[in-house]
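[1] Sequence and predicted model, in that order:
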Amino acid sequence: MTANNIIQIVLYFSALLVLAKPLGLYMALVYENQPFLLDRVLGPVERIFYRLCGIRPDEEMDWKKYTLAVMVFNLAGLFVVYLLQRMQGILPLNLQAFPGVSPDSSFNTAVSFASNTNWQGYGGETTMSYLTQMSALGVQNFVSAATGMAVLVALIRGFSRHSAQTIGNFWNDLTRSTLYILIPLALIWSLLLVSQGVVQTFSEYKNVSLTQTISYDTPKLDDKGNPVTDASGSAIAEKTEIKEQIIPLGPAASQIAIKQLGTNGGGFFNVNSTHPLENPTPFSNFLEVLAILLIPASLCATFGKMVGDMRQGRALVSAMVIVLVVLMTLCVWSEQQGNPRFTGMDVDQTASSLQPGGNMEGKEARFGIVNSAIWATATTAASNGSVNSMHDSFTPLGGLFPMLLIQLGEVIFGGVGSGLYGMLIFAIITVFVSGLMVGRTPEYLGKKIEMFEIKMSILMVLIINALVKIGTAVAVSTKTGVASIANTGPHGFSEILYAFSSAANNNGSAFAGLNANTIFYNTALGIIMFIGRFWVIIPVLAIAGSLAKKKKVPAGLGTLPTHTPLFVGFLIGVVLIVGALSFLPSLALGPIAEHLITVK
Amino acid sequence: MSKKSKKKSLFEPTIVRRALWDSFKKLNPLYQIKNPVMFVVEVGSILTTILFFHALFGKGEESPGFILQISVWLWITVLFANFAESLAEGRGKAQADALRKTRREIMAKRLAKPEPDAKVTQVSSSELKRGDIVLVEAGDMIPGDGEVVVGVASINESAVTGESAPVIRESGGDRSAVTGGTLVLSDWIVVRISANPGETFLDRMIAMVEGAKRQKTPNEIALDILLAGLTIIFLLVTVTLLPFSIFSVQAAGQGSPVTITVLVSLLVCLIPTTIGGLLSAIGIAGMDRMIQANVIAMSGRAVEAAGDVDVLLLDKTGTITLGDRQATAFIPSKGVDVKDLADVAQLASLADETPEGRSIVVLAKQEYGLRERDIHSLGAVFVPFSAQTRMSGVNLNDREIRKGAADAVQVYVEKRGGTFPSEIRSIVDDVAKQGATPLVVADGPKVLGVIQLKDIIKGGIKERFSEMRKMGIKTIMITGDNQLTAAAIAAEAGVDDYLAQATPEAKLKLIREHQAGGRLIAMTGDGTNDAPALAQADVAVAMNTGTQAAKEAGNLVDLDSNPTKLIEIVEIGKQLLMTRGTLTTFSIANDVAKYFAILPAAFLSIYPALGALNIMRLATPQSAVLSAVIFNALVIIFLVPLALRGVKYRPLGAEVVLRNNALIYGVGGLIVPFIGIKLIDMIITAMGIV
C-alpha cells in the first residue's frame, strides 16, 4: 500500500459520506410528500403528468396491487426496449445505419436494462443507434433505478406504518423518484462530466487522421482465404498501414451520469468507463465513482428519517462501509502487489514517481492501481457493473474481492433501492437470530419478526443462491457453456462463476474473457437476470405488506437495540456467513485455487 | 408424585433407557420428515450405507472402510438428535405415568338434584357428563373436575399439586373449584361436574407433560423455516460442487471429482444439525421446566409469550405484600402512656383471631413485653367485628374497650359523652398518608391512641422488581386500596405503576390499553371476576386454588397458587428463546472450521495447492472429513444438557445479554470446532482407523 492508495480511499469515503446525509434527508422529504424547494418548480409538471396518465397519486395500494403495478410497468418497459432494438434499422436517429439487433441479444439487453443489471453482451458504439441508446437504454436507466427506489420506499413504509393495509402508490413513488431525485442529479452530473470532456452530441462518427501512422504485418491470403506461402513454406506477410481512425461519438454524457447514479452500469461505449470519451480525466473518474455509491449510501439516511430514528440508518451504512473498506483495501493491496509471475522476471512492479507499479494489465494509465481497484470494488459493492478497468485481468485475489462483493447479495450498498431492501432482509434475519439470544421473540423497529417474514426473507436469499449455483453448474456441464471460456484452469471457472453471480445479483460487470454474446449465454443470463430482479421483489413487497399490518411494539430495555456497534457486527457476520460461506467452495475452485497456484 | 421425584437429574437411568430405545424408533423416515434438517442427515446416512455396499461388492468411489465410518457417524448423528428429543420427552412421560395412576375409575354418587340428601345413583366416573351433580364424602375421591355447589370440605390435592397439606374447598367465592383425582379428607361436598371425560384438567395435564399434543410454537416454526432454508442453500452448495469439480478436473487436467461420500459429509457438516437436532428437545425441555416450577402450560405458545412480556400486572395482596396487614406501631394520644395504649390494644385483640388482631397482640408483646392473657380467666366478653359497628373489642367488667375505623370510634365515644381529640384526627391522617391503616383504640369514652396497621412488603420482592426493570419489564400493582395507600405501597415495593381501587372492568381496561400500545401483558388471577382480564391477557396465570372460570381463562395454571411465580415464568420463557438463539448462532458459526477441514480434503487431487487451506494440518483427506463428521455428531450430545437445562439466564439489559451470548456462542462457535476437529483428527490418526 502506498500513501496515495490510502489517501484516495479516505478521500473517496469522506466525499461519499459528506454528501449522503443531506441527499438522504432530501429524498425522505420527497417520499413523505413534504414540501421542498424543487416541488414548487416541478410540481405542475408532476400534476400534469398524473392527469395525462390518469393516475391518482393519493390512491393507496396494498402490497399485491403494488407488486402488480411494478410487474406490469417493468414488463411493458422490457417489451419496448426489445422492440426498439429489433426495429432500430427502420427507425430514425440511426446515423451509422446499424441493422436491428438479433433476437437473443435484444432479449438479453431488454431484461438487462429493465432489471437494472446492465449486463452488456453487445458493444454500444457498434450495435446501437442513438435512438436505441437514448429512448430504450437511457429511459430504462432512469425507470429501473426508480423502480428499485419505489420498492425500497414501500418496504420502509412497512416499518414506519402500523396497523395499515397499504404501502403507498407505485406510480407516485416512481414518478417522484424520477422527477425529483434522478433527473436533477443526472443533470448536474452530466454537466460536470461534459466539463471534463465527455461527449454529448448528435453528430455522426468522425474519421480522423492519425498523427502517427501505424503499420503491422498480416499474412497474405489467396482467393480461398488460405495463407500464401513462399518457397520455403513460411507465410508471406503483407504490410498494412493505418492512417485514419473512426471516433465514435454520441449523446454519451447524459447517459453516463444516470448509468452511474442509478447503479445501472451500462456503458455508452463497449469498454465502458475505460473509454477516454466516457471517462476522460481523473476528476471525471472521481465524479463517476462517487456517483456509483451516492444514492445507495444516501438512502440509508432516508430510511433512518422515514422510520423516525436516524441511528438505524447510520447502523446500516456503517455495516456497509466497514465491509467495503476492508474488501476495497484488500483489493487495492492485491493489485499493488503486482503479478507474482513477474517477480522472477526482473520486472519492476514497485510504485514510484514514474509508474503506479503493481498489476497494470487491463488498467488505464490515467487511473492507475488505486482508482481502478476503488472502482472495481465500488461497482461490485453496488450493483452497478460499470468498469474503468478489466476485472478479468486482475490478480486472482484482486478479482476475488469484487466477485465476493457481488456474491454477498449486492447488499453492501447494492443497487439504488435494491441494495438497501436486500440489506433490510439481512437485518431481519439478523434480528431473528440475535433477538432470540436476548430472550424475546424478535422485533425490528418495533415490528415482530415472525414466520411469514422469515419465510420470505430466506426465500429471497435462496432464489439468488440457486440462480448462481444452478446457472454455473449448467454452464460448466454443457459444451456451449464451456466453449465461451477464454482461459483454462481455475480462471475459466472464475469467468463463468462471475458471469452468473453478476447476472443473478443484477450487477452487470463481467470477467470479460468470457464470450457471452452467444445464444446460450444471452438466453440463460437473460432469464437469470429477470428472476434475480423480479422474483426477489415479490417477497420484499410481501414483507412490506405484512409489516405494515403489524402493531408497533414500543422499545424497552429488553428490546434488542439495532443501532449499536454490536448489532452492526452481528449484521456483518450474518451477511458474510450467508454470502461468503455458501460461495466458499466454488471460490476455492476458482480464484482461491488460482491464487495458490500462482504464488507457489 | 411427591415434590422430591420432580427434581430428577437430567440423566435418570430409567429415562435414559427409555430414551435410548425411543431414539431408534424415531429413525422412521415418516417421523424424521417433520424435522427437515435431520431428515437430510438421515437421507445422507442411507445414501452412504448404499455406497458402502456398492464399494464392498463393486468398485466404490472410496475405500469401503472409510465410507462405512462416515456412514456410521451419520447414523449416530441422527440417533443423537433423536436421543436428545426422547430424553426431553422422557421426563414428561415419567410424570404423565404418575398422573395417569391417579386417574383410575371411581364410582361416583350421582345426585338427582344439587342437594346432599337427594337420591343417589352409583355411576362410573367415566360416564359422568358436564353438568352432572355428584356427592363426595370424606374418604372419597373426586370423580371429575367441577365446582362445589353445596358444602365445604378439606381436600388433599397432592396428586395434582405435589403439595400434601390439605386445602379447603367451599361453595361460592373463589375457592370452589375441585380437580378430579383429588381426595376429600373431611366433611362432604356436592360438586357440579364441569368437564366431560377425557377433557378434564388431569387429562389435559397428562397430554401436556407427555408432549402428546405438543404443537410447534410460532417462533419454533419460524426458526424451523430459517433452518430449512439454510439447509436448502447448503444442499445447493454441495450438489453443484459435483459439476464444478468435474469441470475443474478437465480444466486442471488432473485429479478426480469430489466423491459422493465427501459431498454428503460436507452437506451434513454445513447444515445446522446442532440446532436442528436439538430444537424440539429445547421446546419440550422448556415445558418441562415449567412443570418443574409446578406450572402447567395449557399451550406452548404461552411459554414463548412469557419471554416477551412487557408488563406484569401483579395483585398487591399475596404477591407484593404478605397476605395480611400487620400492626407496626402504637401511637398514643396526648397524655396517654404508650404502654397503656399497647396494653388496652392487646386486651381488645386477645380474642380477635384475624391475622390483624393476632399481629396487635404480638406487637404489644414484642415491643412492651406484655404477655398474652387468657380472656376467659379475665372474665372478659369478646365483642366481634360487625359491619354495623365496624369495631371489635372486649367488655371487661364495666370497661368497654373498642378498636376500629376512626369515624366509627368517633361516633362511639361521642355517644358516650367523650370527645374525639383533634390530634388523633391528624395522627389518623398521617398514618393513612403512609399507606397504612389506622385503627383507633378507645376505652369507654376515652380515646387512647392509634394502632398503625401496615402492609408488609414481601422480602426480596423489591430486588425482583428492579431485576424486572433491568430486563425491560414494567410492573404494575393492582389493588383495591384507595389511591393514597396504593401509592405508598407502590413506592415502598418499587413497582413502576399501580392501579388503585381496581375493579374487574378497570383491570380489563388497563390490559386493553397496554395491548393497544403493542405491549404483551402477563397477569395472575384466581377469582371468577378475574376471568375476563385473564382471558384478555397474553400470559395469564391462574391459581390452582382459583375458580374453574379463572382456570379456563388462563393459559398457565400454577399448582402452587403462588402469584410470585409469574416472575419465574417470564424467566423460563426467556430462557427458552435464548437457548434457541444461542444454539443457532453456535451451529452456524461452526461451519467456518468445517469448511477448512473438508474443502482442502475434497479438492486436493485437483488442485494440490489448495492444501494451503488445511490450516489445522489434519493428517489425511480422509481423516479430515471423518473428524469433521465426528465432531458434528459429538457436539450434539455435548450440548444436550445445555438444551435441556437452558442457557443460563441473568436479568440484564438486552445489549449486555447479546454481547455475552455473542461472545460465548458466536465467537466460541467459531473457535471450538477448530480445536475439536484437530483433537479428533489426532486421536483417529493415532488409532490408525483411517
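    Yep, it's here.
[2] For the stretch 151-300 of chain B, which segments count as strands?
    Assigned by DSSP state E, counting those that start in this stretch, the strands in the stretch 151-300 of chain B fall at B:167-170, B:177-178, B:183-193, B:295-297.
[3] Please work out the average pLDDT along the third one.
    Right, strand B:183-193. With pLDDT averaged residue by residue, strand B:183-193 scores 87.
[4] How far off centre is that strand?
    Strand B:183-193 has its average C-alpha position 30 Å from the chain's average C-alpha position, going by CA atoms, centre = their mean, to the nearest Å.
[5] List, one by one, the residues from the stretch 301-450 of chain A near chain B.
    Applying CB under 8 Å from any CB of the partner chain, one finds that the stretch 301-450 of chain A approaches chain B through A:429, A:432-441, A:446, A:449-450. (Each C-beta comes from the backbone N, C-alpha and C, glycine too.)
[6] Of the residues you listed, which belong to helices?
    If you go by DSSP state H, these have A:429, A:432-437 in helices.
[7] Highest neighbour count among the residues you listed?
    residue A:437 (30 neighbours; other CB atoms under 10 Å in any protein chain shown).
[8] pLDDT below threshold where in chain B?
    Across chain B, the stretches falling below the confidence threshold (pLDDT under 70) are B:1-10, B:102-104, B:161-164, B:173-174, B:208-215, B:318, B:323, B:563, B:690.
[9] coming back round to it: of all the strands of the stretch 151-300 of chain B, which one comes closest to chain A?
    Shortest distance between chain A and these, using CB to the nearest CB, is found for strand B:295-297: 16.0 Å.
[10] And the contacts of that closest one?
    The contact list for strand B:295-297 (CB atoms under 8 Å, 6 or more residues apart in numbering or on different chains) reads B:204-205, B:208-209, B:287, B:290, B:303, B:541, B:555-559, B:565, B:568-569.
[11] Try it again at 10 Å.
    Residues outside strand B:295-297 that contact it (CB atoms under 10 Å, 6 or more residues apart in numbering or on different chains): B:160, B:201, B:204-205, B:208-209, B:286-287, B:289-291, B:302-304, B:306, B:539, B:541-542, B:544, B:551, B:554-560, B:562, B:565-566, B:568-569, B:572-573.
[12] Identify those among these that sit within helices.
    For the contacts of strand B:295-297, the ones inside helices are B:160, B:201, B:204-205, B:208-209, B:286-287, B:289-291, B:302-304, B:306, B:551, B:565-566, B:568-569, B:572-573, with DSSP H as the criterion.
[13] For residue A:307, give its distance to residue A:313.
    Residue A:307 is 8 Å from residue A:313, where distance means CB to CB, to the nearest Å.
[14] between the two, who's got more neighbours?
    Neighbour tally, residue A:307 and residue A:313, criterion other CB under 10 Å: the higher count belongs to residue A:313, 27 against 21.
[15] tell me the contacts of the closest residue to that one other than its chain neighbours?
    Across the structure, with CB to CB, 6 or more residues apart in numbering or on different chains as the measure, the residue nearest residue A:313 apart from its sequence neighbours is residue A:304 (2.6 Å). The neighbours of residue A:304, taking CB under 10 Å, 6+ apart as the test, are A:21, A:24-25, A:28, A:156, A:310-317, A:563.
[16] And the residues you listed, which is closest to chain B?
    Chain B has its nearest neighbour among those in residue A:563, at 10.4 Å by CB to the nearest CB.
[17] tally of neighbours for that closest one?
    Based on other CB under 10 Å, the number of other residues close to residue A:563 is 17.
[18] Over to residue A:24?
    Residues contacting residue A:24 under the criterion other CB under 10 Å number 23.
[19] Please pull up the helix or strand immediately following the strand ranked longest in chain A.
    Taking DSSP state E as the assignment, the strand of chain A that covers the most residues is strand A:206-219. In the C-terminal direction, the helix or strand that comes right after strand A:206-219 (DSSP states H and E) is strand A:237-247.
[20] Name every strand pairing with that next one and say which way it goes.
    Using DSSP bridges, strand A:237-247 pairs in its sheet with strand A:206-219 (antiparallel).
[21] which residues of the stretch 51-200 of chain A score low on pLDDT?
    Along the stretch 51-200 of chain A, no part satisfies pLDDT under 70.
[22] so where does the residue of it found nearest chain B fall, helix or strand?
    Using CB to the nearest CB, residue A:162 is the residue of the stretch 51-200 of chain A that sits closest to chain B, at 7.8 Å. Taking DSSP H and E as the definition, residue A:162 sits outside all helices and strands.
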